[in-house]
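>>> pasting the sequence and the predicted model now:
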Amino acid sequence: MKGKTAVGLAVVGMEEALARSVRRAPAVPPEVPAILEEIRNEGAAAVRRWAEKLDGFGGPDFEVPRAEVRRAVAELAPALRAQLEKVIRQVRKFAERQRAMFSDLVVDFEGVAVGHRVLPVRRAACYAPGGRYPLPSSVVMGVVPARVAGVEEVVVLSPRIHPVTVAAAGLAGADRVFNLGGAHGVAAAAWGLAGLPRADLVVGPGNRFVTGAKRLLYGDVGIDFPAGPSELLVIADRTADPALVAADLLAQAEHDPDAVPALVSFDPELPAAVNAVIRQQLAGLPPDSPARQSLANGFAVVAGGEDGAVALADALAPEHLELIGPRAEALAGRLSSYGALFVGRNSAEVFGDYGSGTNHILPTGGAARFTGGVWAGTFLRILTWQRVSAAGLPALAEQAAAMADAEGLPAHAAAARLRLEGKHGS
């Protein structure tokens, strides 16, 4: 069975699936440069105009008053508050162990001391999508590791902000909360417009417009990585329950019309079985669920063996990679490119979304080939220093001068040799 199914994942050959691994990151929508240029030229007025047009914003200020944040926390249903607080505790505990891996460093090379200091960025903006659904979990995933890293000021951005998102920001420890998002919100954070403090770093998932803005604004502001529409690759064998596989694929497919659900199977019968269950489960989702569109982005492949499955998974470098079946543990050690790995039938990807402890802000579009997800280290800077003693000066100055001469840079050589004359103070 090849080609598109009526409803479900298209079954394709390994060649076609591998061809998808060389895709470029999703193109920046053409509207994004135009939005950014307007905001660059007009400032806060353009931010407000785009917020009114795209988000229906009509308030006097983008910032959510502190009293409203406190009220959102107080009015949160007790059961939901308890679960949110548990998520925060688990994400914080994991982030604290990550932060503990970093320390200041000093190394001595015979009179030349070098080292580094570990310092957080001063201000971080944590983005949480808010257009289709409220995503308080994304607030937690941004704010908590930033706080653990020691960021001085943490702000939250989310368009059409929902009270549960506001409450999550308050519980997680955000300093300020803004009812603003989209490309215009990212620009406001990057440039310090419309009441937002200028951020040093913007992190968080978003649609292709948010991701496009982050790409274009990198350099004006730091970013985590491309964190666009969700992706899930499931590798499974004949023992896998089609209902579980279908449920996990649909869970990711419902995030966004651009999401990519995919399956690699060692059993030629499994894709058809999964597609049959997808059709059943899809019937229970709302008629306007994005899953009905995003399934068309996905695919299923029948792999002849583990080598092919590993090669395809590492080439795709998916945001989420799920392993189901007796081969899961053995395969886990062979795979090296993914945002987050879920090993075994019990390790559902949605558990990573909702607080098993690891972060769910993850690289997409193949970016897992060169970066991992958000973590405490995302918010840290390694600042190096050096201190040269009188004993260490002669050898280092000669070394530097010789290298400068070899590179044809006489001013560099002079700056090194002058220090050997001993006439220029301490």
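Happy to help now that I have it.

>>> longest helix in the protein, please.
Of all the segments assigned as helix in the chain under DSSP state H, the longest by residue count is helix 78-99.

>>> neighbouring contacts of it?
Contacts of helix 78-99 from elsewhere in the structure, counted by Cβ atoms under 8 Å, 6 or more residues apart in numbering, are 73, 76, 136-137, 140-141, 144-145, 147-149, 164, 167-168, 171-172, 354-359, 375-377, 380. C-beta here means a position set from N, CA and C on the backbone, and glycine is covered the same way.

>>> same check, this time on stretch 325-336
By Cβ under 8 Å, 6+ apart, the residues outside stretch 325-336 that reach it are 235-240, 266, 306, 309-310, 313-314, 321, 323, 341, 343-345.

>>> in strands only, show me those residues.
Those of the contacts of stretch 325-336 mapping onto strands are 235-236, 321, 323, 341, 343, per DSSP state E.

>>> re earlier: so which of the contacts of helix 78-99 belong to helices?
Assignment to helices by DSSP H places the following of the contacts of helix 78-99 there: 73, 136-137, 140-141, 144-145, 147-149, 164, 167-168, 171-172.

>>> tell me which two in the residues you listed are the farthest apart.
149 and 164 (25.0 Å; Cβ to Cβ).

>>> give me the more crowded residue out of the two.
For the pair residue 149 and residue 164, the greater number of neighbours falls to residue 149 (25 against 19), based on other Cβ atoms under 10 Å.

>>> tell me the contacts of that one?
For residue 149, the set of contacting residues under the criterion of Cβ under 8 Å, 6+ apart consists of 95, 99, 120, 376-380.

>>> the nearest residue in space to it that is not next to it in sequence: what's it in contact with?
Taking Cβ to Cβ, 6 or more residues apart in numbering, and ignoring the residues beside it in sequence, residue 149 has residue 379 as its nearest neighbour in space, at 3.7 Å. By Cβ under 8 Å, 6+ apart, the contact list for residue 379 reads 120-121, 124, 145-146, 149-151, 201, 203.

>>> of those, buried ones?
120-121, 124, 145-146, 149, 151, 201, 203 (16 or more other Cβ atoms under 10 Å).

>>> redo those residues as CSV? Include pLDDT.
Converted to CSV, the buried ones among the contacts of residue 379 look like this (pLDDT from 0 to 100):
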residue, pLDDT
120, 98
121, 98
124, 98
145, 98
146, 98
149, 98
151, 98
201, 98
203, 98
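
>>> what's the closest of the residues you listed to residue 114?
Proximity of the buried ones among the contacts of residue 379 to residue 114 was ranked by Cβ to Cβ; the top entry is residue 120 with 21.8 Å.
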